[in-house]
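[1] What would the 3D arrangement of this be:
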Amino acid sequence: MTSPVILHVGPLGLCGVDEAGRGPLAGPVMAAAVMLDPERPIPGLRDSKKLSASKREQLAGAIRLHAAAWCVAEASVAEIDQLNILQATMLAMQRAVAGLARAPDDVWVDGNRCPNWSWRSQAVVKGDDKVAAIAAASILAKTARDQFMQQLHAEFPAYGFAQHMGYGTAVHLAALKTHGACPHHRRSFGPVKLALDQALLF
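    Below is the predicted model of the structure:
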């Protein structure tokens, strides 16, 4: 039997931040900010990538119910193409923390850099598997983005968004070659640029 993963919980005023969707060729990048309540622990938190889709959905519901505060925000495809994906990710993170119902004392961000903001913060490499609040943020961001991409699939079924969530799989690249880009594709990303350039040749 596998032992449970024990993550750092921290004080009530600690906010964890993580993003989902930096790599895909389509859809917004989303970020979540979560302040957990140490008096209302949520068992099973860990990096969202290490959880099944059903477990992520279950935990997302528990986080929304039991967290002291939470917010999910995004940067649009237009903002990604205008700013670049890194700066758009930082913008989504800023919006997520700013949207919290209460101000955090400290903000811990998954990764190796923090946005340029006024909150006291630190970056935590692999924080989504070390810090409970960051793990919770990774789960909210991932589930929110997956839901968006599933809705997008209903509008543009030819691309298979519900299967690959916008990542550059062989199926997605083939669909881009056949159908060109839809309004939700990131035109600043190489494979999308290539598909658009090829479409102009015919």
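
[2] Return the distance of Leu194 relative to Leu176.
    If you measure Leu194 against Leu176 using Cβ to Cβ, to the nearest Å, the figure is 8 Å. The way it works is simple: take the backbone N, C-alpha and C, and place the C-beta from them, glycine included.

[3] pull the longest helix from the protein.
    If each helix of the chain is counted by residues according to DSSP state H, the longest one is helix 132-155.

[4] Do a quick rundown of the strands in the chain.
    Counting by DSSP state E, the segments of the chain that form strands are 14-20, 29-35, 69-75, 106-110, 121-124.

[5] angle of the longest helix of the chain against strand 69-75?
    50 degrees (axes from the mean of the first three to the mean of the last three Cα atoms, to 10 degrees).

[6] Averaged pLDDT, helix 132-155. What do you get?
    The predicted model assigns helix 132-155 a mean pLDDT of 97.

[7] Likewise for stretch 193-202?
    In this model, stretch 193-202 carries a mean pLDDT of 68.

[8] Stretch 90-107 now?
    The average pLDDT within stretch 90-107 is 97.

[9] Which residues does it contact?
    Contact with stretch 90-107 is made by 10-11, 13-17, 19, 28-33, 35, 68-75, 79, 83, 109, 114-117, 119-122, 137, as judged by Cβ atoms under 8 Å, 6 or more residues apart in numbering.

[10] Nearest residue to the residue most central in space within the chain in space, ignoring adjacent ones along the chain?
    Among the residues of the chain, the one closest to the centroid is Ala20, at 1.9 Å (Cα atoms, centre = their mean). Once flanking residues are discounted, Ala20 sits nearest to Ala141: 3.9 Å by Cβ to Cβ, 6 or more residues apart in numbering.

[11] ok, now which ones touch the one you found?
    Listed by Cβ under 8 Å, 6+ apart, the contact set of Ala141 reads Asp18, Glu19, Ala20, Gly21, Met30, Ala31, Ala32, Ser48, Val72.

[12] Format those as TSV; extra columns: pLDDT and distance to Ala158.
    Written out in TSV, the entries for the contacts of Ala141 read as follows (pLDDT from 0 to 100; distance: Cβ to Cβ, whole Å):
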residue	pLDDT	distance to Ala158
Asp18	98	31
Glu19	98	27
Ala20	98	24
Gly21	97	20
Met30	98	23
Ala31	98	29
Ala32	98	30
Ser48	94	28
Val72	98	28
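
[13] most surrounded residue in those residues?
    Counting by other Cβ atoms under 10 Å, Ala31 has the largest number of neighbours within the contacts of Ala141, with 35 neighbours.

[14] Can you get me a residue count around the nearest residue to it once chain neighbours are set aside?
    Counting by Cβ to Cβ, 6+ apart, Ala31 lies nearest to Ala92, which is 3.8 Å off, once chain neighbours are set aside. A count of nearby residues for Ala92, using other Cβ under 10 Å, gives 29.

[15] All further residue positions should be reported with the first residue as 415.
    Sounds good: first residue 415 from here, last item Ala506.

[16] ok, so what distance separates Ala506 from Asn526?
    Ala506 sits 17 Å away from Asn526 when distances are taken as Cβ to Cβ.
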